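Novice: 3D model of this:
(chains A and B)
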Amino acid sequence: DQQVKQNSPSLSVQEGRISILNCDYTNSMFDYFLWYKKYPAEGPTFLISISSIKDKNEDGRFTVFLNKSAKHLSLHIVPSQPGDSAVYFCAATGNAGNMLTFGGGTRLMVKP
Amino acid sequence: DVKVTQSSRYLVKRTGEKVFLECVQDMDHENMFWYRQDPGLGLRLIYFSYDVKMKEKGDIPEGYSVSREKKERFSLILESASTNQTSMYLCASSFGGVLQETQYFGPGTRLLVL
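Specialist: Coordinates of the predicted model:
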């Protein structure tokens, strides 16, 4: 059973609008969460992370929100740009240290 | 910048062949990882290594083995390739020694087993 789930396989957004990508997890031992972005024919690249002691972390156009009680996190991209079109993976880790558990990914398409 | 390289971008192999996938990182990272990426399943950890000659099984180690003879190099071996091992294989590395750190990925090897 997948411990990290991204229930939307794809999302389409107009340029300039907000993109919201969602992620749910089941393992209460997870205490650190990351978002990776992946372009075709490239490896994933780290985007932003959040520790369980926070509920929000912001980096430029990217903000990650964590709701521990709901075991839910989301990535907000504002404003969305066509270059943001990629597959986004949510990942989580806990007391196991550096082992990451990934979600299935969400393909974001930002239309000009 | 961290650089993780993988020996091949595309590979085509036949069922039963022994397959070697090589990964090299140039940042003196302690930890190295092998994942496979399949549609809808995200990235699943096959094996990881936290030091030379050390290895740990990930979530799906069956049918795979690994080798880490040098710190910068981590090899994934498919002893007898099968069609269900057709996938995108991604190598990653991280500094090690601390929790909650970023992994850096290579570009991936797309393997097709016929």
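
Novice: What strand or helix carries the closest residue to A:Phe65 other than its chain neighbours?
Specialist: Once flanking residues are discounted, A:Phe65 sits nearest to A:Ser74: 5.0 Å by CB to CB, 6 or more residues apart in numbering or on different chains. The C-beta positions use only the backbone N, C-alpha and C, and glycine is treated the same way. Assessed by DSSP states H and E, A:Ser74 sits inside strand A:72-77.

Novice: Any idea what the residue nearest to A:Phe65 is bridged to?
Specialist: Here A:Ser74 sits in beta bridges with A:Asn22, A:Phe65, as judged by DSSP bridges.

Novice: Next one, pLDDT for it please.
Specialist: Note on A:Ser74: pLDDT of 98.

Novice: Now do the contacts for it.
Specialist: Taking CB atoms under 8 Å, 6 or more residues apart in numbering or on different chains as the criterion, A:Ser74 is in contact with A:20-23, A:64-65.

Novice: 10 Å instead, please
Specialist: Listed by CB atoms under 10 Å, 6 or more residues apart in numbering or on different chains, the contact partners of A:Ser74 are A:20-24, A:35, A:63-67, A:90.

Novice: As JSON lines, these with neighbour count, distance to B:Gly108 and pLDDT would be great.
Specialist: Converted to JSON lines, these look like this (neighbours: other CB atoms under 10 Å in any protein chain shown; distance: CB to CB, whole Å; pLDDT from 0 to 100):
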{"residue": "A:Ile20", "neighbour count": "17", "distance to B:Gly108": "27", "pLDDT": "98"}
{"residue": "A:Leu21", "neighbour count": "23", "distance to B:Gly108": "21", "pLDDT": "98"}
{"residue": "A:Asn22", "neighbour count": "17", "distance to B:Gly108": "25", "pLDDT": "98"}
{"residue": "A:Cys23", "neighbour count": "27", "distance to B:Gly108": "22", "pLDDT": "97"}
{"residue": "A:Asp24", "neighbour count": "18", "distance to B:Gly108": "26", "pLDDT": "97"}
{"residue": "A:Trp35", "neighbour count": "23", "distance to B:Gly108": "18", "pLDDT": "96"}
{"residue": "A:Thr63", "neighbour count": "18", "distance to B:Gly108": "28", "pLDDT": "98"}
{"residue": "A:Val64", "neighbour count": "24", "distance to B:Gly108": "25", "pLDDT": "98"}
{"residue": "A:Phe65", "neighbour count": "17", "distance to B:Gly108": "29", "pLDDT": "98"}
{"residue": "A:Leu66", "neighbour count": "19", "distance to B:Gly108": "29", "pLDDT": "98"}
{"residue": "A:Asn67", "neighbour count": "11", "distance to B:Gly108": "32", "pLDDT": "97"}
{"residue": "A:Cys90", "neighbour count": "27", "distance to B:Gly108": "19", "pLDDT": "96"}
